[in-house]
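Chemist: Sharing a model prediction with you, sequence too.
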Amino acid sequence: MFGLESANVVGYNSTAIAGGKLSCISLQFAEVGGDADYANLGKLTSSGLTAGEYDTMNTDAPCIMIYDGAGGYEYYYYISDAFDADENEVTAWADPNGNAIDVKELVGTGFWLKVPEATCTTGTLTQSGEVSDAATSTINIAAGLTLAGNPYPIALNISKVTTSGLEAGEYDTMNTDAPCIMIYDGEGGYEYYYYISDAFDADENEVTAWADPNGNAVTGEIAEAGEAFWARSATAGTLTFSL
């Protein structure tokens, strides 16, 4: 769900969540009154999500996981006994020390949300903020894995994803050598799209394009508003998304 609260200035998006599930979510909106490129994790709100407690947060609290680019994660927990800057006890997203967070991440950063089964049946995670009026958005991709996301409040069309610094692979070796976008399916698996130099378009012409596992050039929507994905590449570069 996406709504505008005033002429393309402030918007919101709600992502459906469920207990016992992982969700792969993208930060979409800059903090109102803050840096135009950054969202505030501490401002995420929820419905139907029960906060955990500090003493058992590692197992019982909803958890945001931000990939650190080196195989690990930064963890933030939704707990009822966090401490704010004035040492008041509050329900908030907190760091591993139990302190309420004021953490900024670039719009377009992806994160995992892990929801223990006991804390939620069904619910939503809502983010809101300033809607970018830029026609394009560029995300840096590291060599290896990057957890990136759709920066727009509409579905992302793969035909409008361009690259810089990423070398197209070839069909025969695309599983190991080609840049790849991996979309989580919500059940532990992924849909794969490979950037290759010998894809076949609808007219059976050989083209450089994003392709499905059969080597066919793909078009159309691949990531919903608020959805994140893994980007895998042997070299560093950028992905640029266009409306």
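Modeler: Received, thanks. On a predicted model such as this, the values are computed, not experimentally measured, just so you know.
Chemist: what helix or strand does Ala82 sit in?
Modeler: For Ala82, the host element (DSSP states H and E) is strand 73-83.
Chemist: care to break this structure down by domain?
Modeler: For the chain, automatic domain parsing gives the domain ranges 2-130, 136-242.
Chemist: Low-confidence ranges, the protein, go.
Modeler: By pLDDT under 70, the low-scoring segments of the chain are 1-8.
Chemist: Going by residue numbers, what spans are helices in it?
Modeler: All helices of the chain, identified by DSSP state H, fall at 57-60, 174-177.
Chemist: Please name the bridge partners of Tyr193.
Modeler: Ile181 (DSSP bridges).
Chemist: Who are the contact partners of it?
Modeler: Going by Cβ atoms under 8 Å, 6 or more residues apart in numbering, Tyr193 touches Ile158, Cys180, Ile181, Met182, Ile183, Trp210, Ala211, Asp212, Val218, Ile222. C-beta coordinates here come from the backbone N, C-alpha and C atoms, glycine included.
Chemist: how about the closest residue to the fifth one other than its chain neighbours, what does it touch?
Modeler: Closest residue to Ile183 apart from its sequence neighbours, by Cβ to Cβ, 6 or more residues apart in numbering: Glu191 at 4.4 Å. Glu191 is in contact with Met182, Ile183, Asp185, Ile222, counting by Cβ under 8 Å, 6+ apart.
Chemist: quick one: which two of these are the most distant?
Modeler: Spanning the widest gap among the contacts of Glu191 are Asp185 and Ile222, at 11.8 Å by Cβ to Cβ.
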